[in-house]
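K.L.:
got a predicted model here, sequence first, then my questions.
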Amino acid sequence: KHNNKKHKDVLVVNGKGKYIMPTLSDAHVHFPENEADLEKILKLNLINGVTKLRSMRGDWNHIDWRKKYNTDDSFYPKLYLSPPPISRSYDLSTAQIEDFVKASKENGFDFIKILSINSQPIFIKLDSICKKYNMPIGGHYPKLASGNYINEEILFNSNFASFEHLGGLTGESAAILDKRIHLLKEKNIFICPTLLWYSIGSGQYTYEEFKNLPGMQFVSKATMEEWIEGTKKYREKIGDAAYKEEVENELKSLDEKYQIIKKLNDAGVTMILSPDASSKYMMAGFNILSEMELLQKANLSNYEILKMTTVNFAKFFNEDYGTIEINKNADFMLLGKNPLENLQTLKNIKAIYFNSQFVDAKSLDNMRLSLLDIAKN
């Protein structure tokens, strides 16, 4: 389904021998502080077939960015926005919460992000006001300033729509894990695992491996040297024995996450996909495939993984895309091979159609080359 503009010229694309699938989403994005870096991030996502970005570390000025970059004739990814996040450092009054949520709603933000919360009474007030203004909540499984979690009955009957990073699920007993998975399914709360952030942070990679991770060719030489130097200093500071122990513990934690993701999937909990590419050695757009490769370690099929970043993201925002069907929004990409058989075909996108804009392979290549030039300079 496209808009009602009358086209004098019709572009016909020969798709013989190619595969069509919905474009991708990244469900946990941290935008750069400066707008000067934003366009680069948007293009990095686009050349990787990512046309939807959910911001999980918002700012009030992001509404202006959306107005500028999400116009009727823009091919840039669609931005789904949250205001500045709530954290336990804020001891908010009812009036302050009301002003915050009301301003978020009136300015067009899509949801409220919680990093942590000061106290259970503040969460109850926030949730009540979010329900009043029909504002979903997303973010970390909320810990209080005391270090405890919010009461489960209160939490799972709140306006929480998604939990990030498998919070509230790792490091718990089997009984608590099973109970929370049941509640997630019952209350239709989405999970965004963000495995790659933990994989990169595990310390398992050598310096040479870091340099060759996906997308690192788009990092300037100076920035990469700075990253490597910082990593070397840290590893030398803690010593070889402590470093090896840290890596071992982090990889054990990753194994636990794989097992939990398999349980979530088997229980029918809806998951959305993001690498949380907000750290060094990570790159917007390119890390979507890296996240998919880690999800395969949780024994998810290619179909189940692709569904997370297409169908499930559309369900999360109750929007009309995510599958290729008559009367659905036209939002797709062309591939040379079947991604259900091999996810690596996502590295070679033939064309993208999004927001009534057609971006062909040559345009995508030109965009890629211009981004490489920026990194070199």
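P.N.:
Here it is on my side, so go on.
K.L.:
who's in contact with the closest residue to H165 other than its chain neighbours?
P.N.:
Computed as C-beta to C-beta, 6 or more residues apart in numbering, the closest residue to H165 that is not its neighbour in sequence is T194, at 5.1 Å. Any C-beta I mention is one placed from the backbone N, CA and C, and that applies to glycine too. Neighbouring residues of T194 by C-beta atoms under 8 Å, 6 or more residues apart in numbering: H28, E164, H165, L166, S274, P275, D276, E291.
K.L.:
quick check: the fourth one touching I260?
P.N.:
Yes - counting by C-beta atoms under 8 Å, L166 does reach I260; the two are 5.8 Å apart.
K.L.:
who's more crowded, those two?
P.N.:
L166 (22 against 19; other C-beta atoms under 10 Å).
K.L.:
the more buried one in helix, strand or coil?
P.N.:
coil (DSSP: H, G, I helix; E, B strand; the rest coil).
K.L.:
returning to what we had before: redo the contacts of T194 as CSV? Include distance to L346 and pLDDT.
P.N.:
Formatted as CSV, the contacts of T194 follow (distance: C-beta to C-beta, whole Å; pLDDT from 0 to 100):
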residue, distance to L346, pLDDT
H28, 19, 98
E164, 23, 98
H165, 24, 98
L166, 24, 98
S274, 15, 98
P275, 13, 98
D276, 19, 98
E291, 11, 98
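K.L.:
neighbour-wise, which of those leads?
P.N.:
P275 (31 neighbours).
K.L.:
and it, helix, strand or coil?
P.N.:
coil.
K.L.:
what's the spacing between it and T309?
P.N.:
Distance of P275 to T309, given as C-beta to C-beta, to the nearest Å: 11 Å.
K.L.:
go on, N348?
P.N.:
18 Å.
K.L.:
and these two? Which one has more around it.
P.N.:
T309 (26 against 11).
K.L.:
phi, psi of the closest residue to the more buried one other than its chain neighbours?
P.N.:
Nearest residue to T309, sequence neighbours excluded (C-beta to C-beta, 6+ apart): L273, at 4.1 Å. For L273, the backbone dihedrals are phi -120, psi 140 (criterion: degrees, to the nearest 10).
K.L.:
also I86?
P.N.:
Dihedral pair for I86: phi -80, psi 140, per degrees, to the nearest 10.
K.L.:
quick one: residues contacting the residue nearest to it when sequence neighbours are not counted.
P.N.:
Distances taken as C-beta to C-beta, 6+ apart place I114 nearest to I86, at 4.9 Å, with adjacent residues excluded. I114 sits next to P85, I86, S87, L126, I137, G138, G139, H140, P142 when contact means C-beta under 8 Å, 6+ apart.
K.L.:
and what of E172?
P.N.:
Contacts for E172 (C-beta under 8 Å, 6+ apart) come out as R180.
K.L.:
next, it: phi, psi?
P.N.:
E172 adopts backbone torsions of phi -110, psi 160, taken as degrees, to the nearest 10.
K.L.:
which residues in the stretch 251-377 of the chain form strands?
P.N.:
332-335, 349-354, 357-360 (DSSP state E, counting those that start in this stretch).
K.L.:
kindly reformat these as CSV containing mean pLDDT and distance to M367.
P.N.:
Below are those laid out as CSV (pLDDT from 0 to 100; distance: least, C-beta to C-beta, whole Å):
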stretch, mean pLDDT, distance to M367
strand 332-335, 97, 14
strand 349-354, 96, 11
strand 357-360, 95, 8
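K.L.:
which parts of stretch 360-374 are buried?
P.N.:
Buried residues in stretch 360-374, counting neighbours by 16 or more other C-beta atoms under 10 Å, are found at S363, L364, M367, R368, L371.
K.L.:
revised request: answer the last question for stretch 338-351.
P.N.:
Residues of stretch 338-351 classed as buried by neighbour count (16+ other C-beta under 10 Å): P339, L343, T345, L346, I349, K350, A351.
K.L.:
am I right that the second one is in contact with I288?
P.N.:
No - using C-beta under 8 Å, L343 and I288 do not qualify as a contacting pair, with a distance of 9.9 Å.
K.L.:
the nearest residue to T23 once chain neighbours are set aside: what secondary structure?
P.N.:
Nearest residue to T23 in three dimensions, chain neighbours excluded: T51, at 4.2 Å (C-beta to C-beta, 6+ apart). Three-state call for T51 (three-state DSSP): strand.
K.L.:
now swap in the one 3 residues further on and tell me
P.N.:
Assigned state for R54: strand (three-state reduction, three-state DSSP).
K.L.:
not counting stretch 115-122 itself, show me its contacts.
P.N.:
So stretch 115-122 is in contact with 85-92, 97, 123, 126, 139-140, 142-146, 150-151, 154, going by C-beta under 8 Å, 6+ apart.
K.L.:
for that stretch, buried residues please.
P.N.:
L115, S116, I117, N118, Q120, I122.
K.L.:
returning to that earlier point: just put the buried residues of stretch 338-351 in CSV and tack on distance to L24.
P.N.:
Formatted as CSV, the buried residues of stretch 338-351 follow (distance: C-beta to C-beta, whole Å):
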residue, distance to L24
P339, 10
L343, 11
T345, 13
L346, 8
I349, 10
K350, 15
A351, 14
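K.L.:
so which of the contacts of I114 comes closest to K16?
P.N.:
G138 (41.8 Å; C-beta to C-beta).
K.L.:
and the helices in the chain, which stretches?
P.N.:
With DSSP state H as the definition, the chain shows helices at residue ranges 35-46, 62-69, 94-106, 120-132, 152-155, 174-186, 195-201, 207-211, 221-238, 240-267, 287-296, 302-309, 311-316, 361-376.
K.L.:
for those, which one sits closest to F75?
P.N.:
Minimum separation from F75 across these (C-beta to C-beta) falls at helix 35-46, 6.7 Å.
K.L.:
looking at the helices of the chain, which is closest to G15?
P.N.:
helix 361-376 (12.6 Å).
K.L.:
quick one, that closest one and strand 349-354 angle?
P.N.:
Calculated by axes from the mean of the first three to the mean of the last three C-alpha atoms, to 10 degrees, helix 361-376 forms an angle of 100 degrees with strand 349-354.
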